[in-house]
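**Student:** Below: sequence and its predicted model.
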Amino acid sequence: MGVNQRLQARRHKNCLIDQERSNRSERVRLCIEERKEVLDHELSAFAAQVTWKFLKSTWEVEPGQKDDDKDLIDFFRHIMTATVSQEVVSKAVLPYTMDKFETRIDLMFNALVQTEQLLSFSDLGNGTLHVASVGGGPGNDLVGVYLYVKCFMASSEFHGVCFDFCDSWGDIVSQVSSSLISPSAFDVLEKVDNAARWSARYSPSNLLLSKLEFSVCDLKLGPHSSVNSNIVRDIDLFDIICFSYVLFETAAHEYTLLSYLLDQCKVGSLTIILDLHTITMNRVIDMIEANRFQQTLLGSTKEFRFKGLALRKLR
């Protein structure tokens, strides 16, 4: 398939995804108008849509579509063969963010909705909730977790760290953090909170976002590499750890850092893995000691259109 055909196929796929999310978001609006209960897997669409609209309005640079789309296609082509380089990533930072951010907010929020149904974790982080997104790119997964926590958990403060091997993501993460902490974010976060009040699971919260920050980490290097010193030092601090569409593309199972992080994460912590490939989840299950984790597969239903795995550390 040529580049132009890939671009057309990608744009068509994105239109379908955007329309499905818009339909769910609109049902939330109608439920609020009619004073009916809001379904949590539809609330995720509403939260993603209004939050991304706000974040995009604060963006300093909006990429031009033609050249950026080609950089994005090149990025995804390398992902398929686990050969992504910093140079390829740096060219795709802005187009990837524009292409994926809203969708990934929705997916991570929804992954937590289903995880709570199958594997309760509402006891986490009654004070400050520490969250890591490994291979987290622009920080979209952290925003998804933050919005979920704001709607459904009793945490008082949220601190998120986005780890990625390419430091080109750092400016994006910083900009997202600044936007969500700014007074101008109040209205959009209040919209999300007001919609969540119509959910049966709504938990009133005065959640404070302390900050989202970026740190370098490379899943293809071992735990003793200086590049991974921050995540190795802090892994036992995190309450929630996300690996979102990164394990297959880095062939992380072939290297030692992933197994180290799963072994060293703190007791009680929750790990969420999302991936296009079922084999990724199977490799992780084979990697861990079953009696140390409570585990459940996620997704593959009409309401939850993704594949994933949730792990709760028992000991």
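**Tutor:** Thanks, I have the structure now. Numbering: from 1, shown residues only.

**Student:** most distant residue from the middle of this structure?
**Tutor:** Centroid-distance maximum for the chain: residue 34 at 31.1 Å, with C-alpha atoms, centre = their mean.

**Student:** Residue 279: what's it in contact with?
**Tutor:** Shown in contact with residue 279 (C-beta atoms under 8 Å, 6 or more residues apart in numbering): residue 248. Yep, even glycine has a C-beta here, placed from its N, CA and C like the rest.

**Student:** if I look at it, how far off is residue 35?
**Tutor:** 45 Å (C-beta to C-beta, to the nearest Å).

**Student:** With residue 170 instead?
**Tutor:** Taking C-beta to C-beta, one finds residue 170 at 44 Å from residue 35.

**Student:** can you check residue 244 too?
**Tutor:** Counting by C-beta to C-beta, the gap from residue 244 to residue 35 is 35 Å.

**Student:** What of residue 191?
**Tutor:** Distance, residue 191 to residue 35, by C-beta to C-beta: 17 Å.

**Student:** ok, these two, which is more surrounded?
**Tutor:** residue 191 (15 against 7; other C-beta atoms under 10 Å).

**Student:** quick one: residue 137 is in a helix?
**Tutor:** No - counting by DSSP: H, G, I helix; E, B strand; the rest coil, residue 137 is located in no helix; its state is coil.

**Student:** Quick check: chain neighbours aside, which residue is closest to it?
**Tutor:** Distances taken as C-beta to C-beta, 6 or more residues apart in numbering place residue 169 nearest to residue 137, at 5.3 Å, with adjacent residues excluded.

**Student:** Surely that neighbour is in contact with residue 141?
**Tutor:** No - the criterion here is C-beta atoms under 8 Å, and residue 169 misses it with residue 141 at 12.0 Å.

**Student:** Comparing these two, which shows the higher neighbour count?
**Tutor:** Each of residue 169 and residue 141 has its neighbours counted (other C-beta under 10 Å); residue 141 has more, 32 against 24.
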